[in-house]
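Asks: Need the 3D shape of this:
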Amino acid sequence: MKAFWTIAPLLLASVFANAQEIPPLAPLRGDVASLSDTLNFIVEKLPVTANFMIYGHNNITGTDDPPIRASQALTKASSNAGSCSISFHLKFGTSVERDGEILLKQVQEVSFMPWETSSQQANAKAGHPEQTVKVDPAITLVVVKIAPNRRVTFNFYDESLAERVTLALKHAVSLCGGGKPETF
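Replies: Residues are numbered from 1 along each chain as shown. Model (predicted):
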């Protein structure tokens, strides 16, 4: 009987504890992050130099293209919350360099995908689905679509980082009034 009086209050306490309403979870960091915080995160993660090999193959003829050594270096990433923009400098290989800017109000869509998938889609759209590529090491692209035929891509070795940057870019785009409204 002594054990009953020891256990009974604990059982009653647990019944009443379960009957209480559980408070909602706090919002996730990205849900409440300011535009300035979001842009700071993006420009901190964007400077990446990616060096990789591209191996092309024609599935009809069974032939391989000569391997291509490729590189992309993104430097000088900066942002301006007032103009809702991200600026950067890109260098492709050893000879092509350009400055770039993304006006977040003009962004229609942001996504991420493996570099190989992006290349396969481009080849298929160009009428050459038989052309396939392999990239070594694996590269994940963050794709920022600005207009139907204009996009900016950022290379990442780390797929999870590419996903986080994609989510941050989507958040920044929504805060700046960009994005393509979806009906369905």
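
Asks: What part of the protein, helix or strand, is modelled with the least confidence?
Replies: None of the helices or strands of the chain scores lower by mean pLDDT, DSSP states H and E than helix 2-19, at a mean of 41.

Asks: separation between the residue lying closest to G178 once chain neighbours are set aside and G93?
Replies: Computed as C-beta to C-beta, 6 or more residues apart in numbering, the closest residue to G178 that is not its neighbour in sequence is V107, at 4.3 Å. All C-beta atoms are positioned from the backbone trio N, CA, C, and that covers glycine. From V107 across to G93, the span is 27 Å (C-beta to C-beta, to the nearest Å).

Asks: Assign the residue lying closest to L46 once chain neighbours are set aside to helix, strand or coil.
Replies: Leaving aside its chain neighbours, L46 sits nearest to A77 (4.1 Å; criterion: C-beta to C-beta, 6+ apart). Classification of A77 by DSSP: H, G, I helix; E, B strand; the rest coil places it in strand.

Asks: ok, residues contacting stretch 97-113?
Replies: 76, 83-91, 140-147, 152, 159, 162-163, 165-166, 169-170, 172-173, 175-180 (C-beta atoms under 8 Å, 6 or more residues apart in numbering).

Asks: buried sites along that stretch?
Replies: Neighbour counts over stretch 97-113 (16 or more other C-beta atoms under 10 Å) mark I102, L104, Q106, V107, Q108, V110, F112, M113 as buried.

Asks: How far does that stretch stretch from one end to the other?
Replies: 24 Å (C-alpha to C-alpha, to the nearest Å).

Asks: How about stretch 88-106?
Replies: Termini of stretch 88-106 sit 17 Å apart (C-alpha to C-alpha).

Asks: do you know how far the residue nearest to L46 is from E116?
Replies: 25 Å.

Asks: Report the separation between the residue nearest in space to the middle of the chain and F154.
Replies: In the chain, the centroid-proximal residue (C-alpha atoms, centre = their mean) is T166; its distance is 2.5 Å. To F154, T166 is 9 Å away according to C-beta to C-beta.

Asks: Quick check: neighbours shared by these two?
Replies: V142.

Asks: which stretches of the chain have low pLDDT?
Replies: 1-31, 181-184 (pLDDT under 70).

Asks: please redo it, this time with the cut-off set to 50
Replies: For the chain, applying pLDDT under 50 flags the ranges 1-20, 22-28, 30.
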